[in-house]
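*Asks:* Sequence plus predicted model, see below.
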There are 2 protein chains.
Amino acid sequence: MLDSAERLCVARGSRLTELRRLVLGLVLDAGRPVGAYDLLDGLRADKKGAAPPTVYRALDFLLEQGLIHKIQRLSAFVGCTHVLDASHAHAGGCHPHAAQFLICTGCGQVTELDDRNIVHALVDATRDIGFMVRQSTVEAEGLCGACRTGSPVPARADGAP
Amino acid sequence: MLDSAERLCVARGSRLTELRRLVLGLVLDAGRPVGAYDLLDGLRADKKGAAPPTVYRALDFLLEQGLIHKIQRLSAFVGCTHVLDASHAHAGGCHPHAAQFLICTGCGQVTELDDRNIVHALVDATRDIGFMVRQSTVEAEGLCGACRTGSPVPARADGAP
DNA sequence: AAGTTATACGTTATAATATAACAAATATCG
DNA sequence: CGATATTTGTTATATTATAACGTATAACTT
């Protein structure tokens, strides 16, 4: 998956340096939203004296490239499920592409959607007013199927099983 | 408008105290997104020794009542245009109701929408997956009609004309 | 290859946003 | 009135994010 990101960056002429690759790896490994300071801790395993700007700069790059997303309601970051999937990779594409996120308050999982209808509804509503959308944030908080039907997958930050 | 909020709270059995009313007044007066610490400064004109928790608690209350909204991308607060409009006031209603926000990066204005189609698209997409939405954040950043056509209304924080 | 420019990174300090915890005051209800 | 719940005051601190400036590394030009 990191290699897939690498190829994408090469194709775009942007540079996935060792540091950025490390941070991307940490985000992807987590498999759920991670805060910048958690990443910083993880980063310090490899890069002793890392400081906040180190991680925030890497995150800025990864966001620009659309390799990760920021979940505003959590001030946390997740890997982009769509750009890195081989099935969706149309290399030239859509750097920070539109996406929607479902945040489960039960298990902490975040699901990424790429729903044309939602984007469409938003663009329609704004065009009526003469507003031109550059970037959008769509996040829903609630309960995922598993947590709602009582088959809890309590993979929370504390890791309690 | 404050009186309208007062009536709404009375009808609900919640208490719009002097402090909360003051904070709501500051948010409404601003007419654009305001940060918690700006509100704190404003609050100190009336309440000398006010501290962060003072303002955050008032904001929590106002959010619960749906009298204000938080713009996640700005970490800032705006008055709710819909609840306080007499035309929309169905007193029993919808405490923290769904809404969408258009943030103009030109003039800083924020427009609140209450678009059924957007909400519908979101609910549809999530139901397919078995996800149950409790709260949603929908925010778009871009240029409003005035700023896009070059009739700038540069009413920014600095107030430069 | 050397010089020049642009980009990325290291480092220190600090800004901006938000909450925990506990005590004191005020309102509500029996 | 007295018991209970809610609200506010107060101190301290946690969490998230950026400014500013210097150094190193890569890329581009001749």
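*Replies:* Yep, it's here. Computed from a predicted structure; not experimentally measured.
*Asks:* quick one: contacts for the residue lying closest to residue A:15 once chain neighbours are set aside?
*Replies:* Spatially, and ignoring its direct neighbours in sequence, residue A:15 is nearest to residue A:9 (6.5 Å; C-beta to C-beta, 6 or more residues apart in numbering or on different chains). Heads up, the C-betas are built off the backbone N, CA and C, glycines and all. Neighbour list for residue A:9: A:15, A:16, A:65 [criterion: C-beta atoms under 8 Å, 6 or more residues apart in numbering or on different chains].
*Asks:* cool, residue A:14 as well?
*Replies:* Contact analysis of residue A:14 by C-beta under 8 Å, 6+ apart lists A:61, A:65.
*Asks:* related to what we said a few turns ago, are any of the contacts of residue A:9 buried, and if so which?
*Replies:* Using 16 or more other C-beta atoms under 10 Å in any protein chain shown as the burial test, these include A:16, A:65 as buried.
*Asks:* which one of the contacts of residue A:9 is nearest residue A:42?
*Replies:* Comparing the contacts of residue A:9 against residue A:42 with C-beta to C-beta places residue A:16 closest, at 17.6 Å.
*Asks:* Can you classify the residue nearest to the closest one when sequence neighbours are not counted as helix, strand or coil?
*Replies:* Leaving aside its sequence neighbours, residue A:16 sits nearest to residue A:9 (C-beta to C-beta, 6+ apart; 4.2 Å). With DSSP: H, G, I helix; E, B strand; the rest coil as the basis, residue A:9 sits in helix.
*Asks:* likewise the one 5 residues further on?
*Replies:* Three-state assignment for residue A:14 (three-state DSSP): coil.
*Asks:* Show the backbone phi and psi for it.
*Replies:* phi -110, psi 160 (degrees, to the nearest 10).
*Asks:* From residue A:120, how far off is it?
*Replies:* 30 Å (C-beta to C-beta, to the nearest Å).
*Asks:* again, but for residue A:9
*Replies:* Counting by C-beta to C-beta, the gap from residue A:9 to residue A:120 is 30 Å.
*Asks:* Same check on residue A:144?
*Replies:* 25 Å.
*Asks:* Wait, a helix at residue A:42?
*Replies:* Yes: counting by three-state DSSP, residue A:42 is located in a helix.
*Asks:* Using CSV, list the CA coordinates for the helix or strand hosting residue A:82.
*Replies:* Here residue A:82, judged by DSSP states H and E, is contained in helix A:81-84. In CSV, the C-alpha atoms belonging to helix A:81-84 read as follows (Å, rounded to 0.1, in the frame of the first residue of the first chain):
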residue,chain,number,x,y,z
THR,A,81,-9.4,4.1,1.4
HIS,A,82,-10.1,5.2,-2.2
VAL,A,83,-6.9,6.7,-3.6
LEU,A,84,-4.8,3.7,-2.4
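*Asks:* could you check whether the helix or strand just after it is close to chain B?
*Replies:* With elements assigned by DSSP H and E, the helix or strand that comes after helix A:81-84 is strand A:100-104. Yes: counting by C-beta under 8 Å from any C-beta of the partner chain, chain B is contacted by strand A:100-104 at A:100, A:102, A:104.
*Asks:* now the helix or strand bottoming out on mean pLDDT in chain A, how far from the chain's geometric center?
*Replies:* Scoring the helices and strands of chain A by mean pLDDT, DSSP states H and E places helix A:81-84 at the bottom, with a mean of 80. With C-alpha atoms, centre = their mean, to the nearest Å as the basis, helix A:81-84 stands 9 Å off its chain's centre.
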